[in-house]
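# Give me coordinates for this.
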Amino acid sequence: MRFGPAGYPSKGKTPEGSLQYTKDLGLDALEVEFVRGARISPERAKAVGEFAKGLDIRMSCHAPYFISFNSDNPETREKSVGWVMDTVRAAHGLGAYIIVIHAASYGKSPDAALRSVTDGLSVCRDKMDDENIKDVILGIETMGKKSQFGTLNEISKVMDDIDGVRPVLDVAHVHARGVGVLTGREDMSSLVEEFFTLCGDIAHFHISGIKYGDKGEISHLPLSSKEPDMQMLADVLNDSKQDCTFICESPLIEEDAVLFRNMFPKYRK
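Purely as a prediction, here's the structure:
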């Protein structure tokens, strides 16, 4: 199991400094946040990736928030392919194994969104094959608002049609979408079991607390909110043999990554 922050911790000041700071905290994963665009040269990506590899930090990337494969605007759909591919190329250079994608809103219907996401990611997959990029997984994130595409069931349907696609389980998003659905260990265990049937070799998690309302997610919160209680997740996974990456998206990205790691008895220092 690996644990790390969503983004470069600010105390590091540079990517390399942030990676070293992350390692010094006893963490061994980091997700590069390309949420406003994947702007990094191939040379710079390679240098940062080699530095991370030297520290044994597992890298992942988050694609831009403005991806929308189900947009009413055909130009936005086309640009979404480009934004995904920019992130794929950056991830390839960094040695990151997965990119995390917010794929779409439902728009007119969930069925239409499923078709649009499948079509858009099929184009991305073909472009990846054309560019001989075989080391990056297209990760579709489980989403926290009821208006957004991204349940595990929906993601599994995309996987039926496209190779190289996996779900990214944002536990807090599932909790918010279900308006506080994860209340006990059995709820968490059932969610993890469903995820593990789909996740592949590495299960990629996002963790945080979350504020929610009738429509689902409102904002992310520290783990101390216990919405949901992430100790339940640690308890469910404590004896698991599944390879997992836990990326902390709370407002306290590195502090809560350490806090969550320490919820596992075997990782306490």
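# What's the mean pLDDT across stretch 182-197?
The average of the pLDDT scores along stretch 182-197 is 97.
# does Leu94 really touch Ile57, like I thought?
No: in this structure, Leu94 is not within contact of Ile57 by CB atoms under 8 Å, at 10.6 Å. In short, each C-beta sits where N, CA and C put it, glycine included.
# Specify which residue of these two has the higher count of neighbours.
Per other CB atoms under 10 Å, whichever of Leu94 and Ile57 has more neighbours is Leu94, with 27 against 20.
# Give me the nearest residue to the more buried one, chain neighbours excluded.
In space, and not counting its chain neighbours, Leu94 is closest to Gly49: 4.0 Å by CB to CB, 6 or more residues apart in numbering.
# repeat for Lys226
That would be Gly209: by CB to CB, 6+ apart, it lies 6.8 Å from Lys226.
# can you pull the contacts of the one you found?
Ala172, His220, Leu221, Pro222, Leu223, Ser224, Ser225, Lys226, Glu227, Pro228, Met230, Ser250 (CB atoms under 8 Å, 6 or more residues apart in numbering).
# pLDDT score for it?
At Gly209, pLDDT is 98.
# Would you verify that Glu31 is located in a strand?
Yes: under DSSP: H, G, I helix; E, B strand; the rest coil, Glu31 sits within a strand.
# Touching, it and Val100? I think so.
Yes: using CB under 8 Å, Glu31 is in contact with Val100, at 7.0 Å.
# Which neighbours do these two have in common?
Shared contacts of Glu31 and Val100, counting by CB under 8 Å, 6+ apart, come down to Ser60, Cys61, His62.
# Buried ones among these?
When neighbours are counted using 16 or more other CB atoms under 10 Å, the shared contacts of Glu31 and Val100 contain these buried positions: Ser60, Cys61, His62.
# Could you list which of those residues belong to strands?
Among those, the members falling in strands (DSSP state E) are Ser60, Cys61, His62.
# And the strands in the protein, which stretches?
Going by DSSP E, the chain shows strands at 2-5, 29-33, 58-62, 98-101, 137-141, 165-170, 202-207, 209-213, 216-221, 243-248.
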